[in-house]
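Peer 1: Sharing a model prediction with you, sequence too.
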Amino acid sequence: AKQQGRDTYEIYSADLDEALSTRVTLRNDLQEAIKGDQLRLHYQPLVNADGSIVSLEALVRWQHPQKGSISPADFIPIAEETGQIVPLGKWVTRKACEDALILIERGLRMGCMAVNLSPMQFHRPNFLNVLRQILEETGLPPEYLELELTEGILMKDTGGAKNILNDLRGMGVKTAIDDFGTGFSSFGYLRELPVDKIKIDRSFVEDVTSCEKDAAVCKGVITLARELGMRVVAEGVETEEQYRYLAKHGCTGFQGYYFAKPMALDELIVWVEENAGG
Ligand code: C2E
Ligand code: CA
Ligand code: CA
Ligand code: CA
């Protein structure tokens, strides 16, 4: 038994070492990725009930020279730990604004361009200046930009967050609360925040047609958004049943594989021209 315990420990320890060295390697490689040319953006349409495009969401992709494509779910947390999210986030915002302008200039009706923000970006003292500079340099009218924030970002310092949200609204930039329902926000504080849109987290949409509790959450959030004068979008809509159910209960915005997957810019242009009469 003692022998086995030792082996177990050694295996465990080797696994840990490997996990750690993978993280260290990724961290170093990420430095290169940001400076070099390994990051890409894909765009996923958000649509109305009639299928017309409301907006696009920019989702970052990492094409690693050896490891291939790495999911943002794997490298965004590392970038947040190391602070690399700041330059990475700047790159994403700039690139998304540039591509939005390309789409607008082609005459495609794409609504606005949504960019995901990490807490560290939002809470940096020069955040608004960085954003203004990117808008100025790219020439994208601020009305075309939407920022997706999580409940965590907004709850950390509600007063400070409210000021920044007001400034964004003053600039004309739109805001959405992402992954709504996962962060235990109080409805009272939500009422105080100048936010344009609520995105219902995919985890509630997944079983909306079979699980009464998830259905109750979705219906509750749809009602709440309406009462507060905010738009509402269901994330991760994969089936016609989910879409029909949510639409029947008053949901007006949809995002998910049932409508469109995230696509590279050239693919997206073809999709828009075929599906939305761009
Ligand atoms: P998110 O902001 O909740 O983005 C939605 C995720 O759901 C995306 O995953 C998208 O590809 C996926 N998705 C869309 N429709 C469906 C569907 O019908 N079914 C399923 N199962 N999934 C669907 P992705 O691209 O892997 O991104 C994962 C997360 O990484 C994002 O979640 C976001 O939190 C983060 N992320 C991505 N890009 C950025 C970025 O530029 N900056 C920051 N800070 N975070 C980012
Ligand atoms: Ca998002
Ligand atoms: Ca989300
Ligand atoms: Ca999510």
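Peer 2: Thanks, I have the structure now. Numbering: from 1, shown residues only. Ligands and ions are numbered 1, 2, ... in the order given.
Peer 1: how far away is residue 56 from ligand 1?
Peer 2: Distance, residue 56 to ligand 1, using Cβ to the nearest ligand atom, to the nearest Å: 12 Å. From N, CA and C alone the C-beta is placed, and that goes for glycine too.
Peer 1: my read is that residue is in a strand, agree?
Peer 2: Yes. Applying DSSP: H, G, I helix; E, B strand; the rest coil, one finds residue 56 inside a strand.
Peer 1: Relative to residue 161, how far out is it?
Peer 2: 25 Å (Cβ to Cβ, to the nearest Å).
Peer 1: Likewise for residue 215?
Peer 2: According to Cβ to Cβ, residue 215 stands 30 Å off from residue 161.
Peer 1: Between residue 56 and residue 161, which is the more surrounded one?
Peer 2: More crowded of residue 56 and residue 161, by other Cβ atoms under 10 Å: residue 56, with 31 against 20.
Peer 1: Now for that one: which residues touch it?
Peer 2: 43-46, 100, 103, 110-114, 268 (Cβ atoms under 8 Å, 6 or more residues apart in numbering).
Peer 1: same check, this time on residue 202
Peer 2: The contact partners of residue 202, by Cβ under 8 Å, 6+ apart, come to 179, 235-236, 256.
Peer 1: ok, now with 6 Å
Peer 2: By Cβ atoms under 6 Å, 6 or more residues apart in numbering, the contact list for residue 202 reads 235-236.
Peer 1: Over to the one 5 residues further on?
Peer 2: With Cβ under 6 Å, 6+ apart as the criterion, the residues that contact residue 207 are residue 214.
Peer 1: Assign a three-state SS to it, would you?
Peer 2: Three-state call for residue 207 (three-state DSSP): coil.
Peer 1: For it, give its distance to ligand 1.
Peer 2: Residue 207 sits 13 Å away from ligand 1, going by Cβ to the nearest ligand atom.
Peer 1: Ok, residue 29 next?
Peer 2: Taking Cβ to the nearest ligand atom, one finds residue 29 at 17 Å from ligand 1.
Peer 1: pLDDT of the helix or strand hosting residue 179, averaged?
Peer 2: Using DSSP states H and E, residue 179 sits within strand 174-180. The average pLDDT for strand 174-180 rounds to 95.
Peer 1: gap between the next helix or strand after that strand and the chain center?
Peer 2: Where DSSP H and E defines the elements, the next helix or strand beyond strand 174-180 is helix 187-192. Offset of helix 187-192 from its chain centre (Cα atoms, centre = their mean, to the nearest Å): 22 Å.
Peer 1: what comes up buried for helix 187-192?
Peer 2: Residues of helix 187-192 classed as buried by neighbour count (16 or more other Cβ atoms under 10 Å): residue 190.
Peer 1: Tell me if whichever helix or strand comes after that helix is near ligand 2.
Peer 2: Following helix 187-192 in sequence order, the next helix or strand is strand 197-200 (DSSP H and E). No. Legend: contact between strand 197-200 and ligand 2 by Cβ under 5 Å from the ion is lacking; minimum distance shown is 6.7 Å.
Peer 1: Any buried residues in stretch 206-221, and which?
Peer 2: Buried, per 16+ other Cβ under 10 Å, within stretch 206-221: 206, 208, 214-215, 217-219, 221.
Peer 1: Next: stretch 50-66.
Peer 2: 53-62.
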